[in-house]
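[1] Turn this into a model:
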Amino acid sequence: MLDSLNRHMLGSYGGTEFATPHLDRFARERATRFTRHVTGSLPCMPARHDILCGALDFLWRPWGSIELWEEPITAQLRHGGVTTMLVTDHPHLFETGGENYHTDFGGWDYVRGHEGDPWRTWLDPSWVGFPAPPAADGGWFLRRRFGDRAPHLDRAYDRSRTFFRSEDDYPGPRTMRAAAEWVAGAAQHHAEGGWLLFIDEFAPHEPFDTPEPWQSMYEDEPWEGERIIWPPYMVGAQAQGVLSDAEARHVRGNYGAKLSMIDEWFGRLLSELDRHGLWDDTVVIVCTDHGHYLGDQRDGADLWGKPQVPQFEPLGHIPLLVHLPGIAGGGVCDALTTSVDLHATLCDLFGVSPSHRTHGRSLLPLLRGETTSVREWAVGGVFGNWVQVTDGRRKYARAPEGDNFPLSMWSNRWSTMPVHVAGVTELPKPDGRAWLDQMPGSSVPVIRQPFQAGDALPFWVGGANVVGRHHLYDLTVDPDERENRVGERMEREMIDLLRAALRELEAPAEQLARLGL
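    Numbering: from 1, shown residues only. From the prediction side, this is the model:
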């Protein structure tokens, strides 16, 4: 998994702006390229929950830990004697809200220093601005936008980067090197039984920080002053004059630099597979959790980061490349697929069955040419925001009607993404209105907390900017989503599809109510 990997920027998907030769070679020589793969639960940890647990959770709760009524596929594989390994620099896996996704792996290697990882407490006093040059700190955009009202945002990476002395010291290269070394070791034990290696690489997710030669690779002119490695999260940053056009090009180029750097290190992993002749009996899957807006124009505005907007194509239409032994590389699969299908595929490969309710469909029949379709629809979204449905041709994002209520959260672990910002509520505690309920297919009692107008709400829940703003696009004729078809006959068809999908998922009745369905 490469985090925030923009499909449309990969050469194998038609991208020409940035160089990705090794991902392109993998797609061309080894993999089947999926063209209608879409996001499910979002953002980062919910997407990993889709893949490791196989169950869409955004309809019941926000970003959170693995719950008591479910178990990740790594637990089942461990019970079955399969060796499992996690190599990652993803800090959310080791903090509240993601703290138990790694615990059922047989081994794990956490490469320190990325994004918010509290690896270093001070700046390195010997840092001289190389290879990591001076850069604006993680709170620069909030200060520019809100001035003295801006909350203080501490980004641990701003300290960690001063300890890097070469490209080899950056978290992405260290992670891919550790993964390649593990593959080399696994090759020595290949005859002893099956194994699963999950490389959860945080690049090209921000901060968009690279050394030379990557750093200036996509600059149209030399950059003067502090580099901008932390992108803004905003709708209309350029249109409103908060981000200059030059800064926008700079941020976008820095994303491309990090993409090209991690592609180079992905190539070294491919070389290790080549060196040990592992392609004949090793499945290799390249995926992501979501894309990242880099000034993409949608709904009349330039979009940056992951702001509160629907999952437009640049963020929600994601790449998927799968190598299956015995299947020639360079193939294309146009079937509709989504993230929970990766869990179902792994279960199929290893011959295990989940003990909890899941929502995925195995991709093996598609890869083997036994069928041309495994699902008629896919749903996705962020808790308390739009709920989206697509049939692979049309995409409908249904917003809440009224005031975004009723809305409840189901959880026994009661954790979400830490934001570490004073005055910002991450997750309100359960109160006297909560009661014990059950999840579909489970007999485990679960805390169900209702929310109402005036309550502090979990981080990521939408506000007035979400209510009543439906989106409908016919992607076959409008891939750039320029014409919102809401109000046409097609909307009634997509409403019926969304309602049927939510009922099949046994989604909370509250979801249909808040969406006006």
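[2] State the pLDDT value of the spatially closest residue to L153 that is not a sequence neighbour.
    Excluding the flanking residues, the one nearest L153 by Cβ to Cβ, 6 or more residues apart in numbering is G139, at 3.8 Å. (Each C-beta comes from the backbone N, C-alpha and C, glycine too.) Per-residue pLDDT puts G139 at 94.
[3] G139: neighbouring residues, count only.
    For G139, the count of nearby residues is 17 (other Cβ atoms under 10 Å).
[4] Tell me the spacing between it and F105.
    Between G139 and F105 the computed distance is 34 Å (Cβ to Cβ, to the nearest Å).
[5] Same check on L123?
    Computed with Cβ to Cβ, the distance linking L123 and F105 is 33 Å.
[6] ok, these two, which is more surrounded?
    Legend: neighbour count by other Cβ under 10 Å for L123 and F105, higher for F105 (23 against 13).
[7] Please name the residues that touch that one.
    By Cβ atoms under 8 Å, 6 or more residues apart in numbering, the contact set of F105 is 74, 78, 84-86, 198.
[8] These into a markdown table, with extra columns for pLDDT, secondary structure and neighbour count?
    What follows is the contacts of F105, written out as a markdown table (pLDDT from 0 to 100; DSSP: H, G, I helix; E, B strand; the rest coil; neighbours: other Cβ atoms under 10 Å):
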| residue | pLDDT | secondary structure | neighbour count |
| --- | --- | --- | --- |
| T74 | 98 | helix | 25 |
| R78 | 94 | helix | 17 |
| T84 | 98 | strand | 21 |
| M85 | 98 | strand | 21 |
| L86 | 98 | strand | 25 |
| F198 | 98 | strand | 22 |
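[9] which among those gets closest to E506?
    Closest approach between the contacts of F105 and E506, by Cβ to Cβ: T74, at 25.5 Å.
[10] Identify the residue nearest the closest one in space, chain neighbours excluded?
    Leaving aside its chain neighbours, T74 sits nearest to D104 (4.1 Å; criterion: Cβ to Cβ, 6+ apart).
[11] Give the full set of residues in contact with the one you found.
    D104 neighbours (Cβ under 8 Å, 6+ apart): 71-72, 74-75, 78, 84.
[12] How about G11?
    19-21, 23-24.
[13] do that again at 7 Å, thanks
    20, 24 (Cβ atoms under 7 Å, 6 or more residues apart in numbering).
[14] Against T20, how distant is it?
    Applying Cβ to Cβ to G11 and T20 gives a distance of 5 Å.
[15] Over to V284?
    Counting by Cβ to Cβ, the gap from V284 to T20 is 16 Å.
[16] Which of these two has more residues huddled nearby?
    Set side by side, V284 and T20 show more neighbours around T20, with 25 against 18, by other Cβ under 10 Å.
[17] per-residue pLDDT, the more buried one?
    Looking at T20, its pLDDT reads 98.
[18] Kindly indicate which of the contacts of F105 lies nearest L93.
    The closest of these, once distances to L93 are taken by Cβ to Cβ, is L86, at 7.8 Å.
[19] Run through the bridge partners of the closest one.
    Beta-bridge partners recorded for L86 (DSSP bridges): W108, F198.
[20] Make 759 the first number, not 1, from now on.
    Right, with 759 as the first residue, what we last looked at is L844.
[21] In this model I957 seems to touch it, though I could be wrong.
    No - taking Cβ atoms under 7 Å as the definition, L844 is not a contact partner of I957, at 8.2 Å.
[22] What segments of this protein are helices?
    Per DSSP state H, the chain has helices spanning 779-787, 802-811, 831-837, 898-904, 915-918, 929-946, 1003-1033, 1071-1074, 1098-1108, 1122-1125, 1247-1262, 1267-1272. These are given in chain order.
[23] In the first one, which residues are buried?
    For helix 779-787, the buried set under the neighbour-count rule, 16 or more other Cβ atoms under 10 Å, comprises 780-785.
[24] Also the longest one?
    Taking 16+ other Cβ under 10 Å as the basis for neighbour counts, the residues of helix 1003-1033 that come out buried are 1005-1025, 1027-1028, 1030-1031.
[25] circling back: distance of the residue nearest to L911 relative to V1219?
    Going from G897 to V1219 by Cβ to Cβ gives 23 Å.
[26] what do you get for S823?
    Note on S823: its distance to V1219, by Cβ to Cβ, is 18 Å.
[27] Just send the contacts of D862 back as a markdown table, with distance to A997 too.
    As requested, the contacts of D862 are exported to a markdown table (distance: Cβ to Cβ, whole Å):
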| residue | distance to A997 |
| --- | --- |
| E829 | 46 |
| P830 | 42 |
| T832 | 45 |
| A833 | 48 |
| R836 | 51 |
| T842 | 47 |
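[28] And those, which is closest to L1256?
    Relative to L1256, the closest of the contacts of D862 is P830; by Cβ to Cβ it sits at 28.3 Å.
[29] Quick check: chain neighbours aside, which residue is closest to the closest one?
    For P830, ignoring the flanking residues on the chain, the nearest one in space by Cβ to Cβ, 6+ apart is L810 at 4.2 Å.
[30] list the buried ones in stretch 870-883?
    Neighbour counts using 16+ other Cβ under 10 Å place 871-878 of stretch 870-883 among the buried residues.
[31] same thing with stretch 1220-1227?
    Using 16+ other Cβ under 10 Å as the test for burial, stretch 1220-1227 gives 1220, 1224, 1227.
[32] Give me the lowest-pLDDT entry from the residues you listed.
    The member of these with the lowest pLDDT is G1220, at 84.
[33] Just to check, it is in contact with Q1066?
    Yes - at 5.5 Å, G1220 counts as touching Q1066 under the criterion of Cβ under 7 Å.
[34] Which neighbours do the two have in common?
    N1143.
[35] State the distance from the residue of the chain positioned farthest from its centre to H780.
    Farthest-out residue of the chain from its mean C-alpha position, per Cα atoms, centre = their mean: S884, at 35.5 Å. From S884 across to H780, the span is 34 Å (Cβ to Cβ).
[36] Run a quick neighbour tally on F888.
    Close neighbours of F888, defined as other Cβ under 10 Å, add up to 11.
[37] And S1002, by the same measure?
    Using other Cβ under 10 Å: S1002 sits among 11 other residues.
[38] Look up how far Q996 lies from it.
    8 Å.
[39] again with R902
    R902 is 13 Å from Q996, by Cβ to Cβ.
[40] who's more crowded, those two?
    Q996 (19 against 15).
[41] Surely the more buried one touches R1007?
    No - counting by Cβ under 7 Å, Q996 stays clear of R1007, with 10.3 Å between them.
[42] Contacts only, for the most centrally placed residue in the chain.
    Residue closest to the mean C-alpha point of the chain, counted by Cα atoms, centre = their mean, is D1047 at 2.3 Å. For D1047, the contact set (Cβ under 7 Å, 6+ apart) comprises 759, 761, 801-802, 805-806.
[43] make it 10 Å
    759-763, 797-806, 808-809, 848, 958, 963, 1076, 1097 (Cβ atoms under 10 Å, 6 or more residues apart in numbering).
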